[in-house]
Structures are given as structure tokens and as C-alpha cells.
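J.: Give me a 3D structure for the following:
(one chain, ligands or ions: 1)
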Amino acid sequence: MPDSLPRKKPEELRSYRFFGPDDLRSFGHRSRIKQAGINRSEMEGKPVIAILNTWNDFVACHAHFRQRAEEVKRGVWQAGGFPVEIPVMGLSETFMKPTAMSYRNFLAMETEEVLRCHPVDAAVLMGGCDKTVPGLLMGALMVDLPIIFMPGGPMMRGTWQGETIASGSDVWKYWAERGAGNLSCDAWHDLEDHIAPGPGHCMTMGTASTMTSITETLGLTLPGAASIPAMHAAHSRMAARCGERIVEMAWEDLKPSEILSREAFDNAITADMAIGGSTNAIVHLTALAKRAGIDLPLDRFDEISARTPVLANIKPAGEHVMADFFDAGGLPGLLNRIRDLLHLDCPTISGTTLGETLEGAQVFNDDIIRTRDNPVTAQGGTVVLRGNLAPDGAVIKPAAADPELLTHSGPAIVFTDQTDLQNRIHDPALAITKNHVLVMQSGGPLGAPGMPESGMLPIPNYLLEQGVRDMVRLSDARMSGTSYGTCVLHIAPESHVGGPLALVQDGDLIELDVAARRLHLAVEDTELHRRHAAWTAPEPRHSRGYGKLFQDEVTQANEGCDFKFLENDGSTTPEPGIH
Ligand code: FES
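T.: Just a heads-up that it's a prediction; the model follows:
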């Protein structure tokens, strides 16, 4: 711990209120710690470090977390802290229905409350699989105790039939080949054995890698932590170091509110664009910034996108996987190449500035992490679109789209929801051509509900057989960070609340011009007003339970899909009384 930093006294620790006083309640707390087999000498006067573990058997991306939690504890003990592991909701991107996104705010609530109600001085947040990252952070920010985020790390490189493959991205690719009749049933089943080769989150620049990289850039992880593959020994060492460092932070009282600034969020967006990150990051960063008391309008993403080259040649926008990224120098190497685009004086949990943590970071492969004069794309990792079809914005990831489709106009084929899409998309009677624009309604936060990752609408099999691999597709849904294609997403307001997407009909001309940031429905205003007057709002789905809470409180995509009552209103939640 740097000597220059002020250090708390033991009686100034938050946990001292629970354990220190000579009274009945403290007796109860101490005796129950002893009930767990802990001697008073092992914890007295030490910071209590919560380790929030999002492990469960369904979250295969976190299969190594029980071991990592022990490694974090090792670091905590060695640094003179008292570790306490607390399981919190694991959000399995694959298994949770209707979508893990429905439960991001649930995890945020749980994180906030378990930190607030327990005798905790600081916390290590263990997450990785997509929504666990924003969920943990959104909750922890509201308690504002010192935190370190321990990223779960990407899976090892997958290989199949001699080719490098990646979870997510190559599933979509080979599913299209199967639809085109180019992949046998046996081959498809064999792919299933290889596509997810072990613990760790998806090894593309999907939402997990994007969000952990963003978290590192915000200054909330140890330097380089986000790029370390889950099964690399460096990942275990990083976990132990998280344990050591969080004890120092507890004494320093270094809180996220001292780290997260408008400039830190600009850095996060810059990193997101430079890595060709997931479109999901826009929703999560918007929500996270609001929790930090910072307004982050969609246009800020577009401003930063316009000045930031995509340098990470990682699937789905590029060719490689996260293990290659790590070997090539990882996020620190990449960020060092765009130092001039970053606010280098932003503080980090290391006690140093971002600029200091990047000093000396190298790149060892200029194909995987491109140079500034040879980017994957010169700008526009993610672009924000506006127009009469998306008054509150929509997003597209041009880096993962067919460049020829980025300026396109074509007639709409409209599907009223995911079920309608699945039932009819492959019906030759629809006579869809590659120039049509596929439109799906009811994919938004309320409509689906939960805004699932269904925005990479499938291409009709008969077009796949003709060799078509991309089309312009529109929805108010999200798209997996591992997905690709000319998919316009997050259209706001969503169709379920009567947004213009609800008014689109078969045959309407839709105009997309990504360079001009424009998404336009070429229908006269008078006709749109007529359609809107005839539109009726759907009946509410839920009358009780979490579904009702979600239905009543979730905000639109451009607002971050947080719950209104959880947003930061500037008030201070009182510390719980000890009675
Ligand atoms: Fe967990 Fe992709 S399924 S990160």
C-alpha cells in the first residue's frame, strides 16, 4: 500500500460497528463468527471483504469460480483481511428465460442489498457472463464501498475440423450453413462438442469480453485483468491479487465514486469502439452511468464512435478470438495505441492513473491488435441511428455488417413478434428477396419482455441456399455480442408502447443510411398518424411477482433498461441501524 495514501484506523471501518462495541449486538455478531470456526484473533481489527460469487451450476461460464473464490480469499488473508464469500444470483446468458437481461436489475438489487445489510468494508465482484458484469456493478455503485471487479476471463480457443471456432459467432455461422443445406446433422452435433471448450465466458468480443474490457477501462479491475483467459494460471494469480489489493483499498477507502467520472465513461466508450464491442454495451453503460450520477446521452456514443478506429481484429467484427488478443498484448496493449483518445489522468483501483497503468504496455501482433494506420475499420464500432422510425434512437454495429448494406432501401416484411417470425420466416410464399428489410416488432424491454437477443433475425432458408448471408434487419430487440449482420437494434421507443416500429406494414419502404446516421420509414406523416390512432396497446402480461415489477418499472433501451425506482436520484440510502 502506498505510504502516501491516508489509512483508516480499525475503529473507523464500517464493520467495526458490528463487531467492535462492548454491547449485546456485537457479542451476538462475534459469537456467530466463532460459530463458523473463526478465532477472534483471525478477524479482529481486520477489514471484512465480501466476495460476491455469481457461480451456479447453470452458469458454465463461471465453472471455475469456486476455485477462484478460494484464490481471492488467499489474497485477502495474506493481506490481513477477513474474507466472506456471499453467493449472489448467477445470470446464465444461455439458460435464463425469457432472457438473462430480465434479471440484470434483479442482480443489481441483490448486490446492493447484500453489501448494505452485512458488516462489509469492501468487496470483490466476481462476474463475466454477460449481464453479471453490469448487474454487479450497478448494485455496488449504490453502496459505494471500495470494490474490485474480478473478470471471469474468456474460454480457451475452440477448434473444429482444424479451424478456430468461437462460441456464439460460429454457432450463427454454421446454423446458416445448415439452413442452406451445407452442413450435415452429424457435423452439426459434432460442432456441439467443440463450440464451448471449457470454463470462461464467450471467447469472442461478445458482451462478456466487451463489458469486462469496459470495466477495466473504467478503472475498476486490476490492469490487464479482462483479457486473461479463464484457464490460464495468470487468472488464478490475478484472483489472489484482487484479494490482496481490496484489503489495501478498504484501508484507503478508495470508492468507485472517486474513480467513475464523465471522463472515465468517455474512456469506456472509446475502448468499446476500439475493440469493436457488443451493441449491448450501450444499454449497460447508459444504465451504469446513470447509477453513477452521470448523464450519458446516446449521441455521446456516436461522437466517440466517429473518432475511434476499431483496432481489435476479434470475432465477430474480425477474425481472431480472445486468447489471441491476450497473447497479442490484450486490452492494455490496445489502449496504449489510442492513448491520445483517452483521459489518461483518470484514477483506477490500483491507486494509479489509467495512463500510469498503461505505461510500457506492448502489442506483439499487429494483425490481432491493428495499428492506427491499418484499422479493422476507421471508425464506427457502433453507430447510433435516428429518424422517424427511431425518434429516441437505434443502434447498429457497422463493423460486423456487410458494407454494401449500410446504405439500403427496401420494402418491409413485418413479423409481429418472435413467434410469428419463427413460424413464417422460411415460408417461400412470402417471396422475400435479399432487398427486403426484415422487421420484427415486440422485441423490446416490455414487448418481448426483457429485450432478448433476438435481433439477428434469421435469413430465410431459400435465400441462404442462394448464397445470401446478410440482409437489413430491424427490431427493438438486442443482439448477442457474438452476432453479426446488418441488424438495426434497440429501436426506441419500442413497438409495445406504440413506437413507430409498431406502425410499419408489409411493403412500406425503409431507408437505412448509416453514414448519415439515418433510419427512415418512407410513409406520409398523415398515414402514420392514422395508423397510430388505430393502434391499441397490448394488455399487461403480469399482475404479480417480479414480472409485474419489471413491467411497471423498466425503462426504454435509450434510458438503459434500469428500473425507475433503482435509478440514482441523488438521495442517500441510510446505513442500516444495528439493533
Ligand atoms: Fe456466458 Fe456467452 S454464454 S458469456
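
J.: How about the backbone phi and psi for Ile86?
T.: Phi and psi for Ile86, reported as degrees, to the nearest 10, are phi -130, psi 110.

J.: burial measure for it, as a count.
T.: Ile86: 16 surrounding residues under other C-beta atoms under 10 Å. Where C-beta positions appear, they are placed from N, C-alpha and C, glycine not excepted.

J.: try the one 10 residues further on
T.: Using other C-beta under 10 Å, Met96 is surrounded by 19 other residues.

J.: Ignoring the adjacent residues along the chain, who's closest to Gly158?
T.: Nearest residue to Gly158, sequence neighbours excluded (C-beta to C-beta, 6 or more residues apart in numbering): Ile165, at 4.4 Å.

J.: pLDDT at the one you found, what is it?
T.: If you check Ile165, the pLDDT there is 93.

J.: same check, this time on Met231
T.: As predicted, Met231 sits at a pLDDT of 98.

J.: max-length strand in this protein?
T.: The residue-count maximum for a strand in the chain (DSSP state E) belongs to strand 407-415.

J.: Can you give the contact residues for stretch 407-427?
T.: Residues outside stretch 407-427 that contact it (C-beta atoms under 8 Å, 6 or more residues apart in numbering): 179, 430, 432, 435-443, 447-448, 452, 454, 457-458, 460-462, 472, 474, 486, 504-515, 522.

J.: Show the buried residues in these.
T.: Neighbour-count burial (16 or more other C-beta atoms under 10 Å) applied to those gives 179, 432, 436-443, 447-448, 452, 454, 457-458, 460-462, 472, 474, 486, 504, 508, 510-512, 514.

J.: quick one: which of these sit in strands?
T.: If you go by DSSP E, the buried ones among the contacts of stretch 407-427 have 437-440, 472, 474, 510-512 in strands.

J.: got the CA coordinates for the helix or strand of the chain with the lowest mean pLDDT in PDB?
T.: The weakest-scoring helix or strand in the chain, judged by mean pLDDT, DSSP states H and E, is helix 169-179 (a mean of 91). What follows is helix 169-179, C-alpha atoms only, in PDB (Å, rounded to 0.1, in the frame of the first residue of the first chain):
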ATOM      1  CA  SER A 169     -20.400 -16.300 -33.600                       C
ATOM      2  CA  ASP A 170     -19.700 -19.600 -35.200                       C
ATOM      3  CA  VAL A 171     -22.900 -21.100 -34.000                       C
ATOM      4  CA  TRP A 172     -24.800 -18.400 -36.000                       C
ATOM      5  CA  LYS A 173     -22.500 -19.000 -39.000                       C
ATOM      6  CA  TYR A 174     -22.900 -22.800 -39.100                       C
ATOM      7  CA  TRP A 175     -26.600 -22.600 -38.300                       C
ATOM      8  CA  ALA A 176     -26.900 -20.600 -41.500                       C
ATOM      9  CA  GLU A 177     -24.900 -23.200 -43.400                       C
ATOM     10  CA  ARG A 178     -27.200 -25.900 -42.000                       C
ATOM     11  CA  GLY A 179     -30.200 -23.900 -43.200                       C
END
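
J.: Tell me the spacing between the residue lying closest to Ala312 once chain neighbours are set aside and Ala180.
T.: Leaving aside its chain neighbours, Ala312 sits nearest to Ile275 (4.3 Å; criterion: C-beta to C-beta, 6+ apart). In this view, Ile275 and Ala180 are 31 Å apart by C-beta to C-beta, to the nearest Å.

J.: Just the mean pLDDT for the host helix or strand of Leu288, thanks.
T.: Using DSSP states H and E, Leu288 falls within helix 280-291. Average pLDDT, helix 280-291: 97.

J.: just checking, next helix/strand downstream of it?
T.: Next in sequence after helix 280-291, counting helices and strands by DSSP H and E, comes helix 298-307.

J.: helices or strands up against that next one?
T.: Helices and strands touching helix 298-307, by 3 or more C-beta pairs under 8 Å, 6 or more residues apart in numbering; DSSP states H and E, are helix 262-274, helix 280-291, strand 383-387, strand 390-396.

J.: Could you tell me the phi and psi values at the residue nearest to Gly293 when sequence neighbours are not counted?
T.: Once flanking residues are discounted, Gly293 sits nearest to Asn568: 5.2 Å by C-beta to C-beta, 6+ apart. The phi/psi pair for Asn568 (degrees, to the nearest 10) reads phi -80, psi 110.

J.: Gly139 is in contact with Asn568, correct?
T.: No: if you go by C-beta atoms under 8 Å, Asn568 and Gly139 don't touch, sitting 11.8 Å apart.

J.: higher neighbour count, those two?
T.: Per other C-beta under 10 Å, whichever of Asn568 and Gly139 has more neighbours is Gly139, with 27 against 15.

J.: what's the distance between that one and the ligand?
T.: According to C-beta to the nearest ligand atom, to the nearest Å, Gly139 stands 19 Å off from the ligand.

J.: sec struct for that residue, please.
T.: At Gly139 the chain is in helix, as set by DSSP: H, G, I helix; E, B strand; the rest coil.

J.: Burial check on the closest residue in space to it that isn't next to it in sequence, number of neighbours?
T.: Distances taken as C-beta to C-beta, 6+ apart place Thr111 nearest to Gly139, at 2.8 Å, with adjacent residues excluded. With neighbours defined by other C-beta under 10 Å, the count for Thr111 comes to 30.

J.: quick one: Thr111 and Leu91, what's the gap?
T.: 11 Å.

J.: which residues are common contacts for the two?
T.: Contacts common to Thr111 and Leu91, judged by C-beta under 8 Å, 6+ apart, are Gly135.

J.: Tell me where the stretch 201-350 of the chain has helices.
T.: 207-218, 233-252, 262-274, 280-291, 298-307, 322-327, 330-337 (DSSP state H, counting those that start in this stretch).

J.: any idea which of these is most buried?
T.: Stretch with highest mean neighbour count among these: helix 207-218 (a mean of 30; mean count of other C-beta atoms under 10 Å).

J.: pull the CA atoms of that one into CSV?
T.: Taking C-alpha atoms only, helix 207-218 is exported to CSV below (Å, rounded to 0.1, in the frame of the first residue of the first chain):
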residue,chain,number,x,y,z
THR,A,207,-20.9,-8.8,-24.5
ALA,A,208,-18.9,-10.5,-21.8
SER,A,209,-15.5,-9.5,-23.2
THR,A,210,-16.8,-6.1,-24.1
MET,A,211,-18.2,-5.4,-20.6
THR,A,212,-15.1,-6.7,-18.8
SER,A,213,-12.9,-4.6,-21.1
ILE,A,214,-15.0,-1.6,-20.4
THR,A,215,-14.9,-2.3,-16.7
GLU,A,216,-11.1,-2.4,-16.9
THR,A,217,-11.0,0.9,-18.8
LEU,A,218,-13.3,2.5,-16.2
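
J.: what is the rounded mean pLDDT of that helix?
T.: The average pLDDT within helix 207-218 is 98.

J.: elements contacting that helix?
T.: In this structure, helix 207-218 packs against helix 132-143, strand 147-151, helix 262-274, helix 280-291, helix 330-337, with contacts taken as 3+ C-beta pairs under 8 Å, 6+ apart.

J.: just to revisit the earlier point, compare the helices of the stretch 201-350 of the chain and give me the one nearest Phe19.
T.: Relative to Phe19, the nearest member of these by C-beta to C-beta is helix 233-252, separated by 14.2 Å.

J.: Now the closest residue to the ligand within the stretch 251-400 of the chain: closest residue in space that isn't a chain neighbour?
T.: Here the residue of the stretch 251-400 of the chain nearest the ligand is Ser278; by C-beta to the nearest ligand atom that distance is 10.3 Å. Ranked by C-beta to C-beta, 6+ apart and with sequence neighbours excluded, the top spatial neighbour of Ser278 is Gly481, at 2.7 Å.
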